[in-house]
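Visitor: 3D model of this:
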Amino acid sequence: MNQIDWLGLKSGTDVRGVAIDGVPGEPITLTNDAISAIAKAFAYRLCQNENKTAPTIAVGHDSRLSAGRIVDCVANALAESGCNVLLTGLSSTPSMFMLLQEQDIGADASVMVTASHLPYNKNGLKFFLPSGGLEGADIAHILTLASEGKARSGATPGTIRNLSFLERYCEHLVDFVREKTGDPTPLSGKKIIVDAGNGAGGFYVDHVLKPLGADTSGSQFLEPDGRFPNHIPNPEDKTAMQSVCSRVKEVGADFGIIFDTDVDRAGAVDADGEPINRNRLIALISAILLAEKSGTIVTDSVTSDGLTQFIRNRGGSHCRFKRGYKNVIDKAVQLNQQGIYSPLAIETSGHAALKENYFLDDGAYLVTRILVSLAQLAKSGQCISDLIADLPEPAEEAEIRLTFTENAKQNFKQVGQDVIEKLKIAAPLAGLSLAPDNFEGVRICFDQTRGDGWALVRLSLHEPILPVNFESNANGGCAKIARELLQLLTPYSQAIDLSKLINYCKQ
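Guide: Residues are numbered from 1 along each chain as shown. From the prediction side, this is the model:
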């Protein structure tokens, strides 16, 4: 196990690394030795923390090419550590948490083998307890234990057996819709298609939509294929969204659904072939929930001013928090603990967690919740997009990801934070204002004469990158804002590569 950069395998609240050869310059980091050591460290920690002698741990995977090898390594390592292993096969990440809520199964923890929407050569591990997913500090601890070779010794080897759970998970979704609508087939007469991007989400067609009466003909890329030959399974990816939007129009569907690889994120398409993702998706589920009870919607930092207005118009409050799905979830949980009702934590990426569903980011549950409203609206001749018809949308929006110079890369977090703090001082001196409700980076407001919108400069959560998001209510406004921002950032050109911003300003 020499040469393993253990903490380099940490990615937020997951373990992630290179799992197969094929990309030049990207050697395998998730070796058999590394995976086995991490699984043994997880078992060691679980048995210590939970005082278990023979815990039961479920292991599932998405459609990645490396899944079989990694599942075998994890299962064998856990069994060697005295754990009884349940192999659930092709699974969604949310289902691996929901399995832990089933008392008759009696699982103490679960491991999902996934790397979400990352390229085909990557893979990773995600860990769950009945109380929720492990935090970043937990992952760091497990990797530290793995680096030290910590493992249970002297335990009686555990068993490994198969357990089918995904269909049972789907039955809960179907029952939920039937209970909410009072109709066994509330989607009869509706054509609803799914684009699974060859990830794990194809199950939603046969096990959720068809039992509810939907016509699913025209669905595409349902077969699991870890090469992802058609497009990246990612609701944020423009090519992926264009693919499902075109398909909706081609087959005349009433609604389209797109999942990411492991189904913890989703996007949608209305009957006109218009995407419902990012601010539009947040607005849609917010409208549904706020119609039932007023509360605070927690989102990430890059959401639009129009969304804030939309939420307020429906009697809600908007808490624009930090990027990172765990950040928004933790904030919503905190608000509820403080007595401030918050029904939803959602990122523009499509990670959406509802209070009523354990604050689990679950793309299938999100879509199912929307389908309840789609069925109810259809009874009065309305469509789902009517719920967001009054969402104020910007004329333009853009994102530029600035990199750090070679000199600044090693200390990029401190350098980036210093630049952000200096921008907070420089922007008001230049006659600009700062957004009052900002929890991440610096969000600068530009009046009608200077671009009519805003720019957010923040640090990436994991990479040496300074993303800049723009939004303007005027055509040509983003470029105008970019030129103003370039002047503010020019003093820091020794630390930040401004070439992408300079090129954008030339538009």
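
Visitor: Would you map the helices across the stretch 301-450 of the chain?
Guide: In the stretch 301-450 of the chain, helices defined by DSSP state H, counting those that start in this stretch lie at 305-313, 325-337, 363-378, 406-409, 412-429, listed in chain order.

Visitor: Tell me which of those helices sits most buried.
Guide: For the helices of the stretch 301-450 of the chain, the largest average neighbour count (mean count of other C-beta atoms under 10 Å) is found in helix 363-378, namely a mean of 23. (Each C-beta comes from the backbone N, C-alpha and C, glycine too.)

Visitor: For the helices of the stretch 301-450 of the chain, which has the smallest mean pLDDT value?
Guide: If you rank those by mean pLDDT, helix 406-409 sits at the bottom with a mean of 91.

Visitor: Nearest to Q220 among the helices of the stretch 301-450 of the chain would be which one?
Guide: Closest approach to Q220 among the helices of the stretch 301-450 of the chain (C-beta to C-beta): helix 363-378, 16.1 Å.

Visitor: who touches S301 in this structure?
Guide: 320-323, 438-441, 443, 456, 458 (C-beta atoms under 8 Å, 6 or more residues apart in numbering).

Visitor: My error: substitute A253 in the last question.
Guide: 191-193, 218, 247, 269, 271.

Visitor: These in strands, which ones?
Guide: The members of those that map onto strands under DSSP state E are 192-193, 269.

Visitor: on that earlier part again, now distance to I496, pLDDT and neighbour count too, for the contacts of S301, in CSV please.
Guide: Output for those, formatted as CSV (distance: C-beta to C-beta, whole Å; pLDDT from 0 to 100; neighbours: other C-beta atoms under 10 Å):
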residue, distance to I496, pLDDT, neighbour count
R320, 24, 96, 23
F321, 25, 96, 25
K322, 21, 94, 20
R323, 19, 92, 23
N438, 20, 88, 18
F439, 22, 93, 15
E440, 18, 94, 20
G441, 14, 96, 25
R443, 18, 97, 24
L456, 15, 97, 22
R458, 13, 96, 22
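
Visitor: export those to a markdown table and tack on distance to E80?
Guide: Shown next, in a markdown table, are these (distance: C-beta to C-beta, whole Å):
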| residue | distance to E80 |
| --- | --- |
| R320 | 47 |
| F321 | 42 |
| K322 | 39 |
| R323 | 39 |
| N438 | 49 |
| F439 | 44 |
| E440 | 43 |
| G441 | 45 |
| R443 | 51 |
| L456 | 48 |
| R458 | 43 |
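
Visitor: Closest one of the residues you listed to S342?
Guide: Closest approach between these and S342, by C-beta to C-beta: F321, at 10.7 Å.

Visitor: I figured that closest one was touching G441, is that so?
Guide: No: if you go by C-beta atoms under 8 Å, F321 and G441 don't touch, sitting 11.9 Å apart.

Visitor: what helix or strand is R483 on?
Guide: Assigned by DSSP states H and E, R483 belongs to helix 477-489.

Visitor: tell me what that helix is packed against?
Guide: Using 3 or more C-beta pairs under 8 Å, 6 or more residues apart in numbering; DSSP states H and E, the elements in contact with helix 477-489 are strand 396-404, helix 412-429, strand 442-446, strand 453-457, strand 465-472, helix 499-505.

Visitor: rewinding a little: nearest to K10 among the contacts of S301?
Guide: Distance to K10 across the contacts of S301 (C-beta to C-beta) is lowest for R323, with 17.4 Å.

Visitor: OK, contacts around the closest one?
Guide: The contact partners of R323, by C-beta under 8 Å, 6+ apart, come to 300-302, 347, 440, 458, 461.

Visitor: residues near Y492, how many?
Guide: 18 (other C-beta atoms under 10 Å).

Visitor: try D14
Guide: 20.

Visitor: Next one: the residue nearest to S66 when sequence neighbours are not counted relative to L129, how far apart?
Guide: In this structure, S66 finds its nearest non-sequential neighbour in A19, 3.7 Å apart by C-beta to C-beta, 6 or more residues apart in numbering. Per C-beta to C-beta, to the nearest Å, A19 is found 24 Å from L129.

Visitor: who has more neighbours, those two?
Guide: With neighbours defined as other C-beta under 10 Å, A19 and L129 compare such that A19 has more, 25 against 17.

Visitor: can you pull the pLDDT of the more buried one?
Guide: Value listed for A19 in the pLDDT field: 98.
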